[in-house]
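Student: The following block contains a protein sequence and its predicted model.
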Amino acid sequence: MQAPIINRQSIITLLVLLLFDFAIFNLIASQTAAKTPSTLVVPQAVTVGSPFLVELSSPGRLEAVEIEWSERVIQPSIANADNTYTALVMLGTGMNAEPGVRSIQVRARVDGRNRTYQKFIEILPREFSQEALSVAPGMNKPPKKLHGRIKRELAAMRGALRTDSRQRMWEVPFHRPVPGIMLSRFGLRRTFNNETKRRHTGLDFRAPEGTPIEAIAAGKVVLVGEYYLPGNTVVIDHGNGVVSMAIHMSNVMVKEGEWVERGQAYGLSGATGRVTGAHLHLSVAVHGVTVDPEPLFEMGHITGAAAALQPK
């Protein structure tokens, strides 16, 4: 049987038509994405001392995202999954924040075009309880010869808590560091030996001596110290401004520069430093601001709560 005659001109015409159809499809898809507004999710209100999430998502290519909040400019990392670009950032209000309405502004490049979005967040007042504790006299009022050491140690801890690496390693909800119940809450107005007044900058967990302390998220150990007031201390950078610190530990199982996975034990609870007994004190800083760790363990992913915004 004679082979069919292939018309070269017909093949060329068919290829041209296919390329034209493909180009039209891509043009329609890109125009649809361009018409789909980006979505910014911001809570309407947060309480004093609380962490919260902000999320910008877009079907168009998302680049150069900057979030301006509380006189700081934060650059979150950007993820791309299921044809959606997402920038997720953790922010927070300090325990001394003034109640009222604040603005949050987000700048981004979407499909090559600069966009600006703005929303407002109400900071609600919060009542903090009081707590009276008794400690050894030398822990309440350390001798003058130790003042220089204590000052240097506190400066090292504050510096570590301000670590702000670009890449986010944390996921929500965060991992509980120990199974014990929560004891003294964040923000308590404490009195030591009826004299010295301090604010509680973390969250205490019941943890008998020797309880493994597990990382609340993956991250890099940025500080390990044996300090006078906080005792054995470990600070972990979880990325994009989120840093955790565990103190009063009986044993430290990591060194500075080491990587820890979420849920990995990196030390044991204890009663070192200024304490009334063995427990875990956990502090969390968000972009240098110490916040209440408690909401992190119940914080859910942002889904469907956003109103679509058109750029200004």
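Tutor: Okay, I see it.

Student: Give me the below-cutoff pLDDT ranges for the chain.
Tutor: 1-36, 193, 196, 301-312 (pLDDT under 70).

Student: Domain ranges for it, per the record?
Tutor: Structural domains assigned to the chain are 39-126, 130-297, following automatic domain parsing.

Student: can you redo those domains as a markdown table with mean neighbour count?
Tutor: (Glycine included, C-beta is placed from N, CA and C.) Shown next, in a markdown table, are the domains of the chain (neighbours: other CB atoms under 10 Å):
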| stretch | mean neighbour count |
| --- | --- |
| domain 39-126 | 17 |
| domain 130-297 | 18 |
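
Student: And the residue nearest to Arg166 when sequence neighbours are not counted, how far from Met90?
Tutor: Spatial nearest neighbour of Arg166, excluding adjacent residues (CB to CB, 6 or more residues apart in numbering): Ser77 at 6.2 Å. To Met90, Ser77 is 12 Å away according to CB to CB, to the nearest Å.

Student: quick one: common contacting residues for those two?
Tutor: Counting by CB atoms under 8 Å, 6 or more residues apart in numbering, the common neighbours of Ser77 and Met90 are Asn240.

Student: Surely Gln75 touches Glu66?
Tutor: Yes - using CB atoms under 8 Å, Gln75 is in contact with Glu66, at 5.8 Å.

Student: residue boundaries of the helices in the chain?
Tutor: Remark: helices assigned in the chain by DSSP state H are 8-35, 137-140, 147-161.

Student: now the second one: how far from the chain's centre is it?
Tutor: I take that to be helix 137-140. Taking CA atoms, centre = their mean, to the nearest Å, the mean C-alpha location of helix 137-140 is offset from the chain mean by 34 Å.

Student: Quick one: list the elements packing against it.
Tutor: With contacts defined as 3 or more CB pairs under 8 Å, 6 or more residues apart in numbering; DSSP states H and E, helix 137-140 has no helix or strand neighbours.

Student: cool, the last one as well?
Tutor: On a contact count with 3+ CB pairs under 8 Å, 6+ apart, helix 147-161 meets strand 219-227, strand 231-237, strand 242-249.

Student: so that helix versus strand 231-237, what angle?
Tutor: Per axes from the mean of the first three to the mean of the last three CA atoms, to 10 degrees, the angle that helix 147-161 makes with strand 231-237 is 20 degrees.

Student: can you offset everything so residue one is 23?
Tutor: In the new count, where the first residue is 23, that last one comes out as helix 169-183.

Student: Which residue is the nearest non-sequential neighbour of Ile100?
Tutor: Computed as CB to CB, 6+ apart, the closest residue to Ile100 that is not its neighbour in sequence is Ala109, at 5.0 Å.

Student: whoops, Pro147 was the one
Tutor: Distances taken as CB to CB, 6+ apart place Pro121 nearest to Pro147, at 4.4 Å, with adjacent residues excluded.

Student: Next one: the one you found from Phe208, what distance?
Tutor: 17 Å.

Student: Equivalent analysis for Val297, please.
Tutor: According to CB to CB, Val297 stands 17 Å off from Phe208.

Student: now do Arg171
Tutor: 27 Å.

Student: How about Ala119?
Tutor: Taking CB to CB as the criterion, Ala119 is separated from Phe208 by 13 Å.

Student: Overlap of the contact sets of the two?
Tutor: Overlap of the contact sets of Ala119 and Phe208 (by CB under 8 Å, 6+ apart) consists of Gly71.

Student: measure stretch 102-117 end to end?
Tutor: One end of stretch 102-117 to the other measures 34 Å (CA to CA, to the nearest Å).

Student: what distance separates that stretch from the middle of the whole chain?
Tutor: On CA atoms, centre = their mean, the centre of stretch 102-117 falls 9 Å from that of its chain.

Student: could you pull out the strands for the stretch 73-222 of the chain?
Tutor: Under the criterion DSSP state E, counting those that start in this stretch, strands of the stretch 73-222 of the chain are mapped to 73-80, 84-91, 94-96, 100-103, 106-114, 122-132, 135-146, 152-155, 211-214, 218-221.

Student: Could I get these in CSV, plus columns for distance to His197?
Tutor: Shown next, in CSV, are these (distance: least, CB to CB, whole Å):
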stretch, distance to His197
strand 73-80, 15
strand 84-91, 25
strand 94-96, 23
strand 100-103, 20
strand 106-114, 15
strand 122-132, 28
strand 135-146, 27
strand 152-155, 27
strand 211-214, 27
strand 218-221, 26
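
Student: Relative to Val265, which of these is closest?
Tutor: Checking the strands of the stretch 73-222 of the chain against Val265 by CB to CB gives strand 106-114 as the closest, at 10.6 Å.

Student: Let me see the contact set for Phe142.
Tutor: If a contact means CB under 8 Å, 6+ apart, then Phe142 has 123-126 as its contacts.

Student: Take those residues and lay them out in TSV including distance to Ala182.
Tutor: TSV is the format used below for those (distance: CB to CB, whole Å):
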residue	distance to Ala182
Val123	32
Arg124	27
Ser125	30
Ile126	27
